[in-house]
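Asks: 3D model of this:
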Amino acid sequence: MFDRLESVEGRYEELNELLSDPEVVSDTKRLMKLTKEEAAIRETVATYRRYKEVSQDISDTEEMLGEKLDAEMAEMAKEELNDLKKEKTEIEEKMKVLMLPKDENDDRNIIMEIRGAAGGDEAQLFAGTLFNMYQKYADAQGWRTEVLDANITGIGGYKEITLMITGDNVYSKLKYENGAHRVQRVPATESQGRIHTSTATVVVMPEAEEVELDLPDKDIRTDIYHASGAGGQHVNKTASAVRLTHLPTGIAVAMQDERSQIKNREKAMKVLRARVYDHIQQAAQSEYDAERKSAVGTGDRSERIRTYNFPQSRVTDHRIGLTIQKLDQILSGKLDEIIDALILNDQTAKMEQLQHEE
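Replies: Presented below is the predicted three-dimensional model:
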């Protein structure tokens, strides 16, 4: 581990030199890439440097204790040595976590898509429940939520809703929400009181910046049409709805939420760039199936990841076998207990894999 830490520290010093180079500063794309790399290893380097300081302080204090000291000085030195050794142990544990393989997308904003799946109206209502849950969680984190597009049903649910969540390290926490979410409850429309099971799917994609993912105009087909509401009635007399199709991948995004064609195109472009970026990453990661299975949240998005059981006020995350009897709190956006457990499980799996490789 220490050889790798020395290498990281060397790279950090190299990056700081590069970031002060006028040639690099004038190259926006390269500057952004190097700035992100520097930020990603800054804490690791600071922790390693503190580790070296503490190790030297321990050596100096032990050497001092080998000399003739009066009783009071000897006692103070022993206390300091104990504190230093405790700090050294804590730093070693922190460095192990910091040296785990990093997800380059962790610090990104996200595009989230929630869709009602199996279960008709009830599934679409549940999609709305999940949207409210994530919106409240985002608010508690100090993040900003913007609805990019929504297909609302007559009873207040969502066939699908697309939102953007921006803030600090959004993807690092919400990437674990990818998959099928199952609900077990008695629908309001059920007169017999029978419990129904429905599902909604959640897709979380890291936002891709224009400077890092170039989508040439020649690769995008743009179709303009009249926006229409539920039942097919026209809601806008001008052709403001936009459909963008990325020809190399066939990925298409339609947007009609805004009255302005320009605004719809901007929103569609954000989603299209995220979907294409996600598509490229998924294709690259598929070469590492064994690794992907060990990392929670990066597997098959059709996988059922969580069940929300209303009669028993129970939420179960099937990937890590976690059951919590706090359904109301979870749905009010208090997701920390689940997300922290998923992060810990992910870190533990990566640490075991790293130890095995060493």
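Asks: what is the burial count for the residue lying closest to S260 once chain neighbours are set aside?
Replies: Nearest non-adjacent residue to S260, counting by C-beta to C-beta, 6 or more residues apart in numbering: S240, 6.3 Å away. For glycine as for every other residue, the C-beta is placed from the backbone atoms N, C-alpha and C. By the other C-beta atoms under 10 Å criterion, the neighbourhood of S240 contains 22 residues.
Asks: wait, S240 sits on A254?
Replies: No: in this structure, S240 is not within contact of A254 by C-beta atoms under 8 Å, at 11.9 Å.
Asks: quick one: the strands in the stretch 1-150 of the chain?
Replies: With strands called from DSSP state E, counting those that start in this stretch, the stretch 1-150 of the chain shows them at 110-116, 144-152.
Asks: adding mean neighbour count and mean pLDDT, write the ones you listed out as a markdown table.
Replies: Shown next, in a markdown table, are the strands of the stretch 1-150 of the chain (neighbours: other C-beta atoms under 10 Å; pLDDT from 0 to 100):
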| stretch | mean neighbour count | mean pLDDT |
| --- | --- | --- |
| strand 110-116 | 24 | 92 |
| strand 144-152 | 16 | 89 |
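Asks: looking at those, which is closest to T316?
Replies: strand 110-116 (19.5 Å; C-beta to C-beta).
Asks: switch the strands of the stretch 1-150 of the chain over to JSON lines; also include distance to T129.
Replies: Putting the strands of the stretch 1-150 of the chain into JSON lines (distance: least, C-beta to C-beta, whole Å) gives the following:
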{"stretch": "strand 110-116", "distance to T129": "10"}
{"stretch": "strand 144-152", "distance to T129": "14"}
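Asks: which one of the ones you listed lies nearest to D328?
Replies: Short answer: strand 110-116, nearest of the strands of the stretch 1-150 of the chain by C-beta to C-beta, at 20.0 Å.
Asks: picking up where we left off before, how close does the residue nearest to S260 sit to Y225?
Replies: 9 Å (C-beta to C-beta, to the nearest Å).
Asks: scan this protein for its longest strand.
Replies: Looking across the chain with DSSP state E, the single longest strand is strand 196-206.
Asks: direction included, what does the next helix or strand after that strand pair up with?
Replies: The element immediately downstream of strand 196-206 (helix or strand, assigned by DSSP states H and E) is strand 220-225. Sheet partners assigned to strand 220-225 using DSSP bridges are listed as strand 241-246 (antiparallel).
Asks: show residues contacting the strand it pairs with.
Replies: Contact with strand 241-246 is made by 215, 219-228, 251-256, 261, 264-265, 268-269, 272, 275-276, as judged by C-beta atoms under 8 Å, 6 or more residues apart in numbering.
Asks: what do you get if the cut-off is 7 Å, keeping everything else the same?
Replies: Outside strand 241-246, the residues that touch it by C-beta atoms under 7 Å, 6 or more residues apart in numbering are 215, 219-227, 252-256, 261, 264-265, 268-269, 272, 276.
Asks: cool, and stretch 134-149?
Replies: 112, 161-167, 170, 255, 257, 267, 270-271, 332-333, 335.
Asks: what do you get for stretch 89-101?
Replies: Contacts for stretch 89-101 (C-beta under 7 Å, 6+ apart): 1, 4-5, 43-44, 47-48, 50-51, 54, 347, 350-351, 354.
Asks: mind putting those residues into JSON lines with distance to V186, pLDDT and neighbour count?
Replies: Listed next are those as JSON lines, based on distance: C-beta to C-beta, whole Å; pLDDT from 0 to 100; neighbours: other C-beta atoms under 10 Å:
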{"residue": "M1", "distance to V186": "54", "pLDDT": "76", "neighbour count": "12"}
{"residue": "R4", "distance to V186": "55", "pLDDT": "83", "neighbour count": "13"}
{"residue": "L5", "distance to V186": "56", "pLDDT": "89", "neighbour count": "19"}
{"residue": "E43", "distance to V186": "48", "pLDDT": "91", "neighbour count": "11"}
{"residue": "T44", "distance to V186": "51", "pLDDT": "91", "neighbour count": "20"}
{"residue": "T47", "distance to V186": "51", "pLDDT": "94", "neighbour count": "17"}
{"residue": "Y48", "distance to V186": "56", "pLDDT": "93", "neighbour count": "24"}
{"residue": "R50", "distance to V186": "56", "pLDDT": "95", "neighbour count": "15"}
{"residue": "Y51", "distance to V186": "56", "pLDDT": "94", "neighbour count": "19"}
{"residue": "V54", "distance to V186": "59", "pLDDT": "94", "neighbour count": "20"}
{"residue": "Q347", "distance to V186": "38", "pLDDT": "86", "neighbour count": "13"}
{"residue": "K350", "distance to V186": "41", "pLDDT": "81", "neighbour count": "18"}
{"residue": "M351", "distance to V186": "43", "pLDDT": "80", "neighbour count": "14"}
{"residue": "L354", "distance to V186": "47", "pLDDT": "68", "neighbour count": "14"}
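Asks: A284: which of those is nearest?
Replies: Nearest to A284 among the contacts of stretch 89-101: K350, at 18.3 Å, using C-beta to C-beta.
Asks: how about the closest one, secondary structure?
Replies: helix (DSSP: H, G, I helix; E, B strand; the rest coil).
Asks: alright, I will stop here.
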